[in-house]
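Undergrad: I'll drop the sequence and a predicted model, then ask my questions.
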Amino acid sequence: MTIRIIDLETTGIDATAHVVEVGSVDLLPDGTIARHEEHLVKPPCLIPAEAQAVHHITDEDVAHAQPWKVVADAFFNRSACSDLVAFAAHNAGFEKQWLTPALLRGIPLICTYKGAVRLWPQAPRHSNQVLRYWLQLQLDRSLADRAHRALPDAYVTAHLLREMLKKASIDDLIAWTGEPLLLPKVPFGKYRDQPWDAVPSDYLQWILRQADMSEDVVHTARQHLAQRLSKSGSPN
């Protein structure tokens with residue numbers, strides 16, 4: 001039942017970016033957070049100043065590090081992952097650019113961001129650091145306070161995941177990861193920033209008739225309409 005929480009730092013946020021650091025912690029079946037690990041990674045390019053300003057990893061820091069393939073092959077080797085029930089990452093859709101099926105070896109990947117939006121839609125934001133303070137988690141600050149570094153971010157996310165598992169099962173979190181994001185607030189139009197519960201059903205039905213809505217918006221509107229129908233027998 002061990003879940004390994006992964007965080008990557010990269011040279012950017014688009015599909016051409018490269019990994020510069022990987023960190024992980026394990027959430028054990030008894031709720032203990034253990035096995036802290038981090039490795040710098042040498043990318044095949046210079047690290048842009050914009051990325052350095054986020055994580056403060058410089059070209060000098062990674063000059064003697066191994067490339068991602070070497071680090072990943074060791075980090076995700078079969079024996080090191082043999083007792084895992086799942087991997088987890090905050091905003092796993094981003095990490096999946098580098099956490100390929102070959103590396104994950106069939107082990108499910110949980111997106112704690114999607115889980116957080118589901119379980120705490122009222123949170124002011126759903127980044128791991130905002131949730132850390134909003135939930136008033138008590139963490140070891142010597143491990144947690146280097147925000148935007150791989151190990152500290154994985155450590156914070158592990159604590160969030162532990163809180164999620166008090167409200168949802170591992171199977172729930174895996175299932176939600178495979179679905180579009182359930183948005184907590186309307187991202188556009190006259191109901192922008194309103195909770196979906198405040199949106200009239202006819203507006204939700206209008207959303208479903210539009211061809212240019214994002215997958216997340218359509219999924220959220222459909223879910224809220226289905227909830228209303230199940231409660232009242234009518235979508236209105």
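TA: Nice, I can see it. Numbers count the residues shown, from 1 in each chain.
Undergrad: any chance you could map the helices in the chain?
TA: In the chain, the segments counted as helices under DSSP state H are 49-55, 68-75, 92-95, 101-104, 112-119, 128-134, 141-144, 150-164, 170-177, 201-209, 215-232.
Undergrad: give the contact list for residue 112.
TA: 5, 88, 89, 90, 92, 128, 157, 160, 161, 164, 173 (C-beta atoms under 8 Å, 6 or more residues apart in numbering). For glycine as for every other residue, the C-beta is placed from the backbone atoms N, C-alpha and C.
Undergrad: change it to 6 Å
TA: For residue 112, the contact set (C-beta atoms under 6 Å, 6 or more residues apart in numbering) comprises 88, 90, 157, 160, 161.
Undergrad: Residue 95 too?
TA: Counting by C-beta under 6 Å, 6+ apart, residue 95 has contacts 8, 89.
Undergrad: just to revisit the earlier point, for residue 15, which of the helices of the chain is the nearest?
TA: Residue 15 lies closest to helix 92-95 among the helices of the chain, at 10.5 Å (C-beta to C-beta).
Undergrad: buried set for that closest one?
TA: Buried residues in helix 92-95, counting neighbours by 16 or more other C-beta atoms under 10 Å, are found at 92, 94, 95.
Undergrad: what about the last one, distance to residue 224?
TA: Per C-beta to C-beta, to the nearest Å, residue 95 is found 29 Å from residue 224.
Undergrad: again with residue 191
TA: Distance from residue 191 to residue 224, counting by C-beta to C-beta: 12 Å.
Undergrad: Show me where the protein dips below the pLDDT cut-off.
TA: 233-236 (pLDDT under 70).
Undergrad: Got the domain ranges for it?
TA: The domain map for the chain lists 2-177, 189-232, with the assignment taken from automatic domain parsing.
Undergrad: among the ones you listed, which is the most enclosed?
TA: domain 2-177 (a mean of 17; mean count of other C-beta atoms under 10 Å).
Undergrad: so how far is that domain from its chain's centroid?
TA: Put simply, domain 2-177 sits 8 Å off its chain's centre (C-alpha atoms, centre = their mean, to the nearest Å).
Undergrad: Can you give me the first-to-last residue distance of that domain?
TA: End-to-end distance for domain 2-177: 18 Å, by C-alpha to C-alpha, to the nearest Å.
Undergrad: now residue 91: how far from residue 83?
TA: Counting by C-beta to C-beta, the gap between residue 91 and residue 83 amounts to 25 Å.
Undergrad: I'd like the helices of the chain as JSON lines, with distance to residue 20 appended.
TA: Formatted as JSON lines, these follow (distance: least, C-beta to C-beta, whole Å):
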{"stretch": "helix 49-55", "distance to residue 20": "7"}
{"stretch": "helix 68-75", "distance to residue 20": "9"}
{"stretch": "helix 92-95", "distance to residue 20": "14"}
{"stretch": "helix 101-104", "distance to residue 20": "17"}
{"stretch": "helix 112-119", "distance to residue 20": "21"}
{"stretch": "helix 128-134", "distance to residue 20": "19"}
{"stretch": "helix 141-144", "distance to residue 20": "20"}
{"stretch": "helix 150-164", "distance to residue 20": "9"}
{"stretch": "helix 170-177", "distance to residue 20": "25"}
{"stretch": "helix 201-209", "distance to residue 20": "39"}
{"stretch": "helix 215-232", "distance to residue 20": "29"}
